[in-house]
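**Student:** Here is a sequence together with a model predicted from it:
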Amino acid sequence: MEIILYVLKNFLLIAIEVLDIAMLVRAIFSWIDPMAEGRLLSFLILITEPIILPFRKLCEKKNWFVGSPLDVPFFMAILALFLVRFLLLMI
């Protein structure tokens, strides 16, 4: 049982690391060329948007950060990933 938990924990940590990198690259793309299109950007959106979308919906529902020039749900998603990583490392 310990081996299964160890493998699951490490798999989740690797998945979070990949998501962090994908979100960083997506952010860089949005700063360089906000209207960019392409396979890489489409792939990055495909894998990162499921993490960001709940925060977007929450902010829209509560009317938080309306008119903000920053993509606050994006930052909330990154913070959530950091929190999950921290909790996994505490186990």
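**Tutor:** That came through, no problem.

**Student:** From now on I want contacts and neighbour counts done on CA atoms only, so please keep to that.
**Tutor:** Fine.

**Student:** The longest helix seen in the chain packs against which elements?
**Tutor:** Identified as the longest helix of the chain according to DSSP state H is helix 2-32. Here helix 2-32 touches helix 39-62, helix 72-90, going by 3 or more C-alpha pairs under 8 Å, 6 or more residues apart in numbering; DSSP states H and E.

**Student:** How far does that helix sit from its chain's centre?
**Tutor:** How far helix 2-32 lies from its chain's middle: 8 Å, per C-alpha atoms, centre = their mean, to the nearest Å.

**Student:** what comes up buried for that helix?
**Tutor:** 9, 13, 16, 19-20, 22-23, 26, 29 (16 or more other C-alpha atoms under 10 Å).

**Student:** could you dump the helices and strands packed on helix 2-32 to JSON lines with distance to Met1, mean pLDDT and mean neighbour count?
**Tutor:** Output for these, formatted as JSON lines (distance: least, C-alpha to C-alpha, whole Å; pLDDT from 0 to 100; neighbours: other C-alpha atoms under 10 Å):
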{"stretch": "helix 39-62", "distance to Met1": "29", "mean pLDDT": "96", "mean neighbour count": "14"}
{"stretch": "helix 72-90", "distance to Met1": "17", "mean pLDDT": "96", "mean neighbour count": "15"}
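
**Student:** Let me know which of the ones you listed is the nearest to Ile4.
**Tutor:** Ile4 lies closest, by C-alpha to C-alpha, to one member of the helices and strands packed on helix 2-32: helix 72-90, at 14.4 Å.

**Student:** ok, and the residue nearest to Glu60 when sequence neighbours are not counted, which helix or strand is that part of?
**Tutor:** Spatially, and ignoring its direct neighbours in sequence, Glu60 is nearest to Val66 (7.9 Å; C-alpha to C-alpha, 6 or more residues apart in numbering). Secondary structure assignment for Val66, by DSSP states H and E: no helix or strand.
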